[in-house]
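In: The following comprises the amino acid sequence and a computationally predicted model.
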Amino acid sequence: MGDPQGGTMRDNLRKVLAVTVGGEPDPIVYTCEHHRPDFVIFFVTTEPAGGSRRVLVEATDKRPSILERLKLGPDSYEIITLPSPDDFMDCFRRIDEALREYEGVLQRVADYTGGTKTMSASLALAGALRGWDLSVVGGERRDTVKVLKGTEMTRFTRNPSLRVAISLELARVLYAQGDFPGAVQVLEDLTAEAQLEGAEASRLSALLTILRALSAWDRLNYEEALPLMRAAARLWKDGCEKLVEIWGKGELGYAAVEDLVGNALRLAKQRRFEDAVLRLYRACELLSQLRLRREHGLDTEDLDLQNPKLAALPEDLAQELHKRKEREGRAWAGLFDSYRILAALGDPVGKVFAQGWEARLRDLLKMRNRLFLTHGWSPVAEEDWERARDLAEKFLTEAFAAMGRKFSPVEFPGADSLFPP
């Protein structure tokens, strides 16, 4: 039947109506006359005994066909057969593919009055997800089978209200699972395709901004995240203040250590234990680097071995640093070297390390070195992660206390606070 596969005709359409056809022709005729579309997509069955297609195209002695009653020309409709009208996934796939062809039409209405329950549900869902307005013919009833003739009325649900609700729920689920880029993508698609206005548009814009901020923050891209967080600060004021602590002046603060641990905890919830353990190790290492740089002016990437502050280093450490300078051209210090330097300087964090933590943190180093992403072959079991977490959190709690601070891993806002019911 009529099928506007040529782009020219489809480009000229202003209003398309998609309809599921069942055994009763009157509601189909009513909705078509009510909406007055330029083009109609009829979804029909062919079984049993010709199915609803017969009602659509075949006239009988008792009544004309739907096409005859509507006086539709061959270029103003197409008929799509659903061979398995009770198979939801098959119906949904075929209907969704059909609706996709009309993305550029300004007005799109999906009427799910007729057909099997599965056909109706498939059209309603596909239409809602693709931004179509939804329509159903209601009226007075004697039973649950059909509406009394003459009492019909169209009940209309205008998208984007339904599309917004579905997209927000999907974004909420993705966010709760830690898939921040996925949540961002859902809202970007929504704001690009739905016609949003007023307060709703403003609300979704702010939500999209903070999701972009949190996505960048989760990737440890603080430079990208901070201006976005400031723009959406009203949605999470405490978070904006914490991010300023981490990266407020364009360089890392001690709060970055707490953020790495918070990042590790989020990864562990996704059972990404290897990535989580790496972040715990990096958090412990970062604290020593920040402490040496901020409090003592020493850069662990390449220590100035002539600095008088390093005169009190243990002999074995001093010799190793000089060898690195001769061999590699720079005197770098890793995690244990850095904490030993802090201890030699009399730094309170170095003192914590020297009080039994060197041996205990070597367990964390061994675990890190066994990771497939570093030097080893071993996957990280959940019990390994828990042991690493216990070590790192206890050490950092003591180290922060020695600095006069409370150690608090950064937690992102819960899904229910960003996506209220």
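Out: Noted; the coordinates are in hand.

In: ok, residues contacting stretch 325-344?
Out: Contacts with stretch 325-344, where a contact means Cβ atoms under 8 Å, 6 or more residues apart in numbering, come from 281, 284-285, 288-289, 291-292, 296, 298, 300-303, 305, 310, 312-314, 317, 320-322, 324, 349-351, 353-354, 357-358, 361-362, 365. Glycine gets a C-beta too; all of them are placed from N, C-alpha and C.

In: one more time with 6 Å, if that's ok
Out: Under the contact criterion Cβ atoms under 6 Å, 6 or more residues apart in numbering, stretch 325-344 has outside partners 285, 288, 291, 300-303, 305, 312-313, 317, 321, 324, 349-350, 353-354.

In: Also stretch 222-230?
Out: Against stretch 222-230 from outside (Cβ under 6 Å, 6+ apart): 209, 212, 213, 216, 217, 240, 243, 246, 247.

In: from those residues, which ones fall inside helices?
Out: Within those, residues falling in helices by DSSP state H are 209, 212, 213, 216, 217, 240, 243, 246, 247.

In: Using a markdown table, lay out the residues you listed together with distance to residue 395 and pLDDT.
Out: A markdown table is the format used below for those (distance: Cβ to Cβ, whole Å; pLDDT from 0 to 100):
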| residue | distance to residue 395 | pLDDT |
| --- | --- | --- |
| 209 | 36 | 94 |
| 212 | 34 | 96 |
| 213 | 30 | 96 |
| 216 | 29 | 97 |
| 217 | 24 | 97 |
| 240 | 29 | 94 |
| 243 | 24 | 96 |
| 246 | 20 | 96 |
| 247 | 24 | 94 |
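
In: Name the nearest of those residues relative to residue 258.
Out: residue 246 (8.3 Å; Cβ to Cβ).

In: domain ranges for the chain?
Out: Domain assignment for the chain by automatic domain parsing gives 7-159, 165-235, 255-402.

In: Which among the ones you listed is found nearest to residue 410?
Out: Proximity to residue 410 (Cβ to Cβ) singles out domain 255-402 among these, at 3.5 Å.

In: Pick out the most distant pair among the contacts of stretch 222-230.
Out: Farthest-apart pair in those is 209 and 246; separation 18.5 Å (Cβ to Cβ).

In: Strands of the stretch 1-150 of the chain, start to end?
Out: 15-20, 39-44, 77-81, 107-111, 133-138 (DSSP state E, counting those that start in this stretch).

In: my guess is residue 410 meets residue 260, correct?
Out: No: applying Cβ atoms under 6 Å, one finds residue 410 not in contact with residue 260, separated by 8.7 Å.

In: Which residues are in contact with each of these two?
Out: Residues touching both residue 410 and residue 260 by Cβ under 6 Å, 6+ apart: none at all.

In: Which of the two has more residues huddled nearby?
Out: Using other Cβ atoms under 10 Å, the more surrounded residue of residue 410 and residue 260 is residue 260, with 26 against 21.

In: which one is the more buried one nearest to, not counting chain neighbours?
Out: residue 283 (3.9 Å; Cβ to Cβ, 6 or more residues apart in numbering).

In: any idea which element that neighbour lies in?
Out: helix 273-296 (DSSP states H and E).

In: count of neighbours near the closest residue to residue 15 other than its chain neighbours?
Out: Nearest residue to residue 15, sequence neighbours excluded (Cβ to Cβ, 6+ apart): residue 107, at 4.0 Å. When neighbours are defined as other Cβ under 10 Å, residue 107 has 14 of them.

In: Once you drop chain neighbours, what's closest to residue 363?
Out: Of all residues not flanking residue 363 in the chain, residue 391 sits nearest, at 6.4 Å (Cβ to Cβ, 6+ apart).

In: give the contact list for the residue nearest the centre of the chain.
Out: For the chain, the residue nearest the mean C-alpha position is residue 183 (2.1 Å; Cα atoms, centre = their mean). Applying Cβ under 6 Å, 6+ apart to residue 183 gives the contacts 171, 174, 175, 211.

In: Can you name the two of the residues you listed that sit furthest apart?
Out: The largest separation in the contacts of residue 183, counting by Cβ to Cβ, is between 174 and 211 at 9.5 Å.

In: Could you check how far the residue nearest to the centre of the chain is from residue 339?
Out: Residue 183 is 39 Å from residue 339, where distance means Cβ to Cβ, to the nearest Å.

In: count of residues packed around residue 102?
Out: Counted with other Cβ under 10 Å, residue 102 comes out at 17.

In: Which strand residues bridge the closest residue in space to it that isn't next to it in sequence?
Out: Nearest non-adjacent residue to residue 102, counting by Cβ to Cβ, 6+ apart: residue 16, 5.0 Å away. In this entry, residue 16 is beta-bridged to residue 39, residue 108, by DSSP bridges.

In: Good, wrapping up.
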